[in-house]
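>>> The amino acid sequence is not available; the structure is as follows:
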């Protein structure tokens, strides 16, 4: 995945016209330095806007810059490649595509609360987040199987009843948890962590308390 770069107040105009198929553009002399200088998998978004009416726009991604000359990928984020004139505007603006590429905290650290006893399902969507068990009705033992998505999974005792109603956590097929096929959480208030690395089929286990 590409890494987006940003610059404050980076805006310029086109030094020369470009067709709707051009893959490079030259900015007004000396203004290229206002913009990021991507390399490798880096890029930055550039929005073209016509100077005549201000109604036409195209979003492109710049993958490299040499002075005032930019190499670009056309018609990004559902915009259409257009022909542009010298003097039309070019700016490093915030776009929906860049926003969508950012991990939001709720996705990066997901959490959910389960109130039912019995078996419950965990998935890769729980990675780096927590499943809190708050089994206040129909209390009984619970069980689940860990996903195979690398990352850390937390299971927490929110209702302080793991001793009476333990939770059996099993490893998926061909995986183990600290060398064992399963672990039982049975300490009140326990917050257990299960971590899976991408190069191993073994979950590490921190029982917490």
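That came in fine, so what should we check first? Given the structure is predicted, the values throughout are model-derived calculations rather than measurements.
>>> my read: residue 45 touches residue 76, true?
Yes: contact status for residue 45 versus residue 76: in contact at 7.2 Å, counting by C-beta atoms under 8 Å. For every residue, glycine as well, the C-beta is placed using N, CA and C.
>>> Which parts of this protein belong to which domain?
According to automatic domain parsing, the chain comprises the domains 3-101, 105-206.
>>> now the ones you listed as CSV including mean neighbour count?
Shown next, in CSV, are the domains of the chain (neighbours: other C-beta atoms under 10 Å):
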stretch, mean neighbour count
domain 3-101, 16
domain 105-206, 16
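>>> next structured bit after the lowest-mean-pLDDT helix or strand in the chain?
Within the chain, no helix or strand scores below helix 105-108, which has a mean of 66 by mean pLDDT, DSSP states H and E. The element immediately downstream of helix 105-108 (helix or strand, assigned by DSSP states H and E) is strand 111-114.
>>> per-residue confidence averaged over that following strand?
For strand 111-114, mean pLDDT rounds to 91.
>>> Any regions of the chain where pLDDT drops low?
For the chain, applying pLDDT under 70 flags the ranges 1, 103-108, 137, 209.
>>> show me what contacts the closest residue in space to residue 202 that isn't next to it in sequence?
Among residues not flanking residue 202 along the chain, residue 176 sits closest, at 5.3 Å (C-beta to C-beta, 6 or more residues apart in numbering). Contact partners of residue 176, counting by C-beta atoms under 8 Å, 6 or more residues apart in numbering, are 201-203.
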